[in-house]
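>>> below is the sequence, then the predicted model.
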Amino acid sequence: MDETAERVALVCPACSPDEQTVQEVLNPRGTATVRCTECSHVHKAELPETQTVTRNVVVSQDGESSTATVEVPAGETLAVGEEFLVETDEAILTVRITSLETGEGRTEAAEGSTVETIWTRAVGNVSVRVTAHPKSGEHDETRGLKLQVPGDYEFVVGGSDDLADEEFTVEGIYLRADARGYDHEKLDFDGDRAVAKDIKRLYVRDESTSAWSAW
């Protein structure tokens, strides 16, 4: 049995015509094909409609915030790090959950029905803060930058990039608290990589011949 398959509570015409049992959804299209987990009988059934609730969403982008609403499954667990699309007055954005607010305060995971506000940040296009030092290695000449890149743009420790007419080599990556799938908060071994939407700060060595533009 596929442990990742969707399961619903339905009656089984073979073993339980009067009471619901757990059914595994084999094909959700049209009249769904399901299999009873009690007797393995395969049959057709109408799936119950998923109940949804309307919840407030706060979207943070480049230091500014906007609000919107979104429909979420009432019984589904929402968690920090998950991404979804939200329509604001300005645009349709890909956002990532940074915090969930319930009647009991902020939390990292909660059922949709208990959430009052979903706090997010836009991750389709992001600003990456950069600390750059010159080839000479003199730290008193370090400069601060901010790069605008797609959220899925990948930076690699030891790799060279040419962005905004500047050339640099990545030496270290600090990750955001909501980044998932990494072993460490700081990446500094050659070959370590992260996408821009997961990065809190990038440390690089300036390889360009022109001076960097500070914030």
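Received the coordinates, thanks. Numbers count the residues shown, from 1 in each chain.

>>> run a quick neighbour tally on Asp192.
Asp192 has 19 neighbouring residues, counting by other C-beta atoms under 10 Å. Heads up, the C-betas are built off the backbone N, CA and C, glycines and all.

>>> quick one: contacts for it?
156-157, 173 (C-beta atoms under 8 Å, 6 or more residues apart in numbering).

>>> helix, strand or coil: sort out the nearest residue to Leu202 once chain neighbours are set aside for me.
Leaving out its chain neighbours, the residue that sits closest to Leu202 by C-beta to C-beta, 6 or more residues apart in numbering is Val130, at 4.7 Å. Following DSSP: H, G, I helix; E, B strand; the rest coil, we place Val130 in the strand state.

>>> go ahead and confirm Val130 touches Gln148.
No. Counting by C-beta atoms under 8 Å, Val130 does not reach Gln148; the two are 11.2 Å apart.

>>> okay, now the domains of this structure?
Domain ranges of the chain: 7-45, 52-122, 125-206, per automatic domain parsing.

>>> tabulate those domains (JSON lines), appending mean pLDDT.
Formatted as JSON lines, these follow (pLDDT from 0 to 100):
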{"stretch": "domain 7-45", "mean pLDDT": "89"}
{"stretch": "domain 52-122", "mean pLDDT": "92"}
{"stretch": "domain 125-206", "mean pLDDT": "91"}
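
>>> once you drop chain neighbours, what's closest to Val22?
Excluding the flanking residues, the one nearest Val22 by C-beta to C-beta, 6+ apart is Thr37, at 4.6 Å.

>>> and the one you found, what is it in contact with?
Neighbour list for Thr37: 1, 7, 21-24 [criterion: C-beta under 8 Å, 6+ apart].

>>> swap the cut-off to 10 Å and go again
The contact partners of Thr37, by C-beta atoms under 10 Å, 6 or more residues apart in numbering, come to 1, 7, 12, 21-24.

>>> just Ser136 next, same as before
By C-beta under 10 Å, 6+ apart, the contact list for Ser136 reads 205-206.

>>> pretty sure it is in a strand, no?
No. Going by three-state DSSP, the assignment for Ser136 is coil, not a strand.

>>> tell me what the closest residue to Pro48 other than its chain neighbours is bridged to.
Excluding the flanking residues, the one nearest Pro48 by C-beta to C-beta, 6+ apart is Val8, at 6.3 Å. Beta-bridge partners recorded for Val8 (DSSP bridges): Gln23.

>>> how many residues are close by Val8?
16.

>>> was I right about it contacting Cys36?
No. In terms of C-beta atoms under 10 Å, Val8 does not count as a neighbour of Cys36; the distance is 11.1 Å.
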